[in-house]
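# this one's structure only:
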């Protein structure tokens, strides 16, 4: 660190300064400190830009990622779980020739692992012929015995393959580990590329960089191959609290497939279905296998679908990657892969891999114990525990570790510590060397795997850090494969997405996004319009009545004994109950929006990020900013979400909630002292933003009959109940159509409600009150009906033994 | 040679209706060298929407059942007629020193059944319990029969003392359990010595006055000798099966072949089933 700061004397040329800072093997500079050929153009470009401009570019990238809501969640992190995704302004460059040889090595490895997967869940020749020690496989928690004999994808059992690579001292890229259970990072890689394209267009264009569009096509072909002609495909996610949810949402959007949680699906009747939709025959799986089927695996899991394994067994569902493929992430396999490659492929492994000793072999264990402090120890499965550096342990901990290894040697491997190369990253004062690890991806395409000509690059926190776990939270990089000529570079063009059906949970979240949006907006507007009225009327009952109406909108009653200012504050900040108060309503809105990240228009994503920023600062008298954002968000959502893309659910929720809120205000108007009605009417009109409309039409001061006429029955006034019902009818008619009878039903139901509200004579306050109650009850029933019909059943699962 | 008829009934009454249910059942007696299945029928009430038979990795048959539609009770009734040879162990089985049967890490079947999931501390306790029976060079058969006898003697059969989730360590502490626990202790002891052992689920001939788990299903253990032959033994009854044990399925433990397990949508909370097993000599 100190070194970095002392070197920060405003270097005119960032490359020259970097030359002083780097230590050892570097991606940009060769041993003599010259720019490597692939980096020459970028080096010149960076020299021209200078450190200040580089930093400006970096802020531009940071801003873009914030707008996109790009996050990576870290559990138990002191800064809270949501971390912003970071991307470094300087890409990592690799020339096409070198990348081609890496790609060949990855193809070979993916083929070998596909064969191994098919063998271990099939004939187990590798065990029977002594190519693999049985204990190395049978002790691994990723070996799911219920899947032995179940069909696997063909011709390649492992459809998706990811591999972590780093450059070793011999200048070659080495395999650190295989990622096959449910590899993450494709979505982040696509996001990185898009942001680079938009913020560094010139640099990108000058370089003839291989595009990522072709890999997207490969994945789409793979999905349709596995789903078959009739089947649909989706992405199974653990949900918005998962660490890589952003990656998952982005990948689903990019591939045009629905993002699904377990309770969006069921296996009724022998097919996996989203309610009312065609069978889902291929699932990109981001839920770890052991959580996927509570019938056969963890009985308490709520993330999976009961009966999923049965569908796999019957050949009716392909998972990418297959359940049980986590077995291939077994570190104990590494030392045996070269032998398997020779036996099965007749080839040597093309990519070097980190030297690994499986302690289940007595000679290996002896070696490991003799060289203990110089090695890295790790359980054979990630879920069994983290990497341990024996050299950093005290004597007691070291002895304990040795005892644990001796007790179950088959569960441990040792690896040689790897020294990775560095690459330049943008720091506060120019370029800094950071260690880099690449995650490369390959997808089955016909009878071999196609390798993505790009990768997700993660960087270390500082120049010396070698513990890859520490890479979490430090910036990522985009890998650019530089083609020889412009022709071989494929553009990363945007693709048009197929409309995807709305999963039950997404429908639920869209509907409730609408409801919370309207609820928060009406409460904020009323607070904004009334806070001075409440404070100035503290001696009268009017203040109390306004507070009562605010409480109805906020879903809570503010503490009676507190001062008016405190009571107003409580309406903003809530009383700790879920959904009570403005801040909690915003929180619920944010949670709903985050869960449908894949369906939101870009501007809505950016506004959702602004919502968080405004919500924290606001008090009852400072609601203008959140109100503005809420209005903009409503416009962005209602205008750009087509009804069939989920807009119908959003509009139904929004209009229904707004009608309910208006009814609550009108009810409040009826329940008072007659002498205060004019002032109360004035307040209600102000809270709805209807003062001008009223004044122009009915004169001033307001009369109750006029207020009811305008707010209840005037269809041309956009903030009336009648208008909400018109739009509700329109949206309800566009709710998903299966079965058809129900679709007709929704709109007809709304029309009946609307007719009742327009035609029922209002002779007395009692009539009006009765109508308000009847409308509220019918709207609530409509909401319940929509929930029951479209949303997850919410039935508790129960395991029986 | 004995022929048996088994009627095994499991009934659930749910506090609230279940909308859908999925079950897996290891209830069909498997074919073995000593055992022939003459007739078998598996029936559900209400009738299942779908019943599909599969074979697991140990070649046990198992059935997947789905129930669609609301139901507030559920019963599975299996009827089987099985012919069992009364041979017992082959005379030359397990005559070799027990050390020769220890898993050498090369044979996949031996590894599958010799490797233990237990924590090192529990394995040490189990080894400590087993070693008096497994003196150096003692023939495997003799050592296993001694272990069988000691478990039967040291542990009390107490119906309802444990359930399928009771950890083995608790059984060792209390020295009480049911047949699954007796089998679990035996298997744990064998694996603590790196001997391949498996769990066997099935039924046993009712013996008046014996601890034979009348009215319930039964479980025992088996050890694999150096020649790959499996020798069954029943620590609950201090017996070697000789025609009176009917095998349903086997695996590494209970969880590999439970007679019945399932998932309900709804159902209103867990309820223990009523289980009835009738074993009749024909």
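The structure has been received and is ready for your questions. Since the model is a prediction, treat every value here as computed from it, not as a measurement.
# spell out which parts of the stretch 51-200 of chain B neighbour chain A.
Within the stretch 51-200 of chain B, the positions near chain A by CB under 8 Å from any CB of the partner chain are B:52, B:54-57, B:64, B:66, B:68, B:105-108, B:110-112, B:115, B:120, B:123, B:164. Where you see a C-beta, it was placed from the backbone N, CA and C, and this is true even at glycine.
# could you rerun that using 6 Å?
Counting by CB under 6 Å from any CB of the partner chain, the residues of the stretch 51-200 of chain B close to chain A are B:57, B:64, B:68, B:105, B:108, B:111-112, B:115, B:120, B:164.
# from those residues, which is closest to residue A:27?
Nearest to residue A:27, judged by CB to CB, of those is residue B:105 at 42.9 Å.
# still on that earlier bit, of the residues of the stretch 51-200 of chain B next to chain A, buried ones?
Neighbour counting over those (16 or more other CB atoms under 10 Å in any protein chain shown) leaves B:64, B:105, B:108, B:111-112, B:115 as the buried ones.
# which of those sit farthest apart?
Across those, the longest distance by CB to CB is 34.8 Å; it joins B:64 and B:105.
# mind listing which of the residues of the stretch 51-200 of chain B next to chain A are in strands?
Counting by DSSP state E, the part of those found in strands is B:64, B:68.
# which parts of chain A sit against chain B?
A:127, A:133-135, A:138-139, A:145, A:148, A:268, A:294-295, A:306-307, A:310, A:407, A:795, A:797-801.
# which entries within those meet the buried criterion?
Buried members of the residues of chain A next to chain B, counted by 16+ other CB under 10 Å: A:127, A:133-135, A:138-139, A:145, A:268, A:294-295, A:306-307, A:310, A:797-801.
# and the chain, what are its domains?
In the absence of a named chain, chain A is used. As given by automatic domain parsing, the domain ranges for chain A are A:1-354+A:418-501, A:355-415, A:504-790.
# think we crossed wires, I meant chain B
What automatic domain parsing lists as the domains of chain B is B:2-84+B:258-281, B:98-241.
# and the contacts of stretch A:790-798?
Here stretch A:790-798 makes contact (CB atoms under 6 Å, 6 or more residues apart in numbering or on different chains) with A:263, A:504-505, A:507-508, B:19, B:263-267.
# from those, which is closest to residue B:99?
Nearest to residue B:99 among these, counting by CB to CB, is residue B:263 at 44.4 Å.
# assign the closest one to helix, strand or coil.
Classification of residue B:263 using DSSP: H, G, I helix; E, B strand; the rest coil returns strand.
# run through the residues that contact it.
Taking CB under 6 Å, 6+ apart, one finds A:294-295, A:306, A:797, A:799, B:22 in contact with residue B:263.
# would TSV of those residues with secondary structure be doable?
Shown next, in TSV, are the contacts of residue B:263 (three-state DSSP):
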residue	secondary structure
A:294	coil
A:295	coil
A:306	coil
A:797	strand
A:799	strand
B:22	strand
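# can I get those in TSV with distance to residue A:630?
Shown next, in TSV, are the contacts of residue B:263 (distance: CB to CB, whole Å):
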residue	distance to residue A:630
A:294	39
A:295	44
A:306	40
A:797	37
A:799	43
B:22	44
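# hmm, residue B:65 is touching residue B:51, no?
Yes - contact between residue B:65 and residue B:51 holds when scored by CB atoms under 6 Å: they sit 5.1 Å apart.
# looking at these two, which has the bigger crowd around it?
Neighbours were counted for residue B:65 and for residue B:51 using other CB atoms under 10 Å in any protein chain shown; residue B:65 has more, 21 against 15.
# how much space separates the more buried one from residue B:50?
According to CB to CB, to the nearest Å, residue B:65 and residue B:50 sit 7 Å apart.
# stretch B:266-274 and chain A, are they touching?
Yes - using CB under 6 Å from any CB, stretch B:266-274 reaches chain A at B:266-267.
# so where is the stretch 501-650 of chain A shaky, pLDDT-wise?
For the stretch 501-650 of chain A, the stretches flagged by pLDDT under 70 are A:537-540, A:615-621.
# tell me the contacts of residue 104?
All of this is about chain A. Residues in contact with residue A:104 (CB under 6 Å, 6+ apart) are residue A:350.
# in three-state terms, how would it be classified?
helix.
# which residues in the stretch 501-650 of chain A form helices?
Applying DSSP state H, counting those that start in this stretch to the stretch 501-650 of chain A gives helices spanning A:504-536, A:541-554, A:564-573, A:582-595, A:602-617, A:624-640, A:647-670.
# okay, those helices in JSON lines with distance to residue A:746 next?
Formatted as JSON lines, the helices of the stretch 501-650 of chain A follow (distance: least, CB to CB, whole Å):
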{"stretch": "helix A:504-536", "distance to residue A:746": "13"}
{"stretch": "helix A:541-554", "distance to residue A:746": "26"}
{"stretch": "helix A:564-573", "distance to residue A:746": "34"}
{"stretch": "helix A:582-595", "distance to residue A:746": "21"}
{"stretch": "helix A:602-617", "distance to residue A:746": "25"}
{"stretch": "helix A:624-640", "distance to residue A:746": "18"}
{"stretch": "helix A:647-670", "distance to residue A:746": "8"}
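# among those, which comes closest to residue A:19?
Of all the helices of the stretch 501-650 of chain A, it is helix A:602-617 that lies closest to residue A:19, at 38.5 Å by CB to CB.
# how far does the closest one sit from its chain's centre?
Centroid displacement of helix A:602-617 relative to its chain, using CA atoms, centre = their mean, to the nearest Å, is 16 Å.
# and it, which residues are buried?
For helix A:602-617, burial by neighbour count (16+ other CB under 10 Å) applies to A:603-611, A:614-615.
# do the same with stretch A:559-566
Across stretch A:559-566, burial judged by 16+ other CB under 10 Å covers residue A:564.
# next one: phi and psi at residue A:21?
phi -80, psi -30 (degrees, to the nearest 10).
# check the one 10 residues further on too.
In this entry, residue A:31 is assigned phi and psi values of phi -60, psi -30 (degrees, to the nearest 10).
# in this structure residue A:390 contacts residue A:371, no?
No - using CB under 6 Å, residue A:390 makes no contact with residue A:371, being 9.6 Å away.
# which of these two has more neighbours?
residue A:390 (20 against 13).
# next one, pLDDT for that one please.
pLDDT, residue A:390: 93.
# the one 5 residues further on too?
Here, the pLDDT recorded for residue A:395 equals 94.
# check residue A:224 too.
Residue A:224 carries a pLDDT value of 91.
# got a list of what it touches?
Here residue A:224 is in contact with no residue (CB under 6 Å, 6+ apart).
# am I right that it sits in a helix?
Yes - read with three-state DSSP, residue A:224 is one of the residues of a helix.
# from residue A:151, how far out is it?
Per CB to CB, residue A:224 is found 18 Å from residue A:151.
# same check, this time on residue A:183
Distance of residue A:183 to residue A:151, given as CB to CB: 22 Å.
# higher neighbour count, these two?
Taking other CB under 10 Å, residue A:183 and residue A:151 do not tie; residue A:183 has more neighbours (23 against 17).
# would you map the helices across the stretch 1-150 of chain A?
For the stretch 1-150 of chain A, the helices defined by DSSP H, counting those that start in this stretch occupy A:2-6, A:14-21, A:40-67, A:96-120, A:125-128, A:134-138.
# on that earlier part again, show me which of the buried residues of helix A:602-617 is closest to residue A:434.
When the buried residues of helix A:602-617 are compared against residue A:434 (criterion: CB to CB), the nearest one is residue A:609, at 27.0 Å.
# just to check, that closest one is in contact with residue A:69?
Yes - in this structure, residue A:609 is within contact of residue A:69 by CB under 6 Å, at 5.4 Å.
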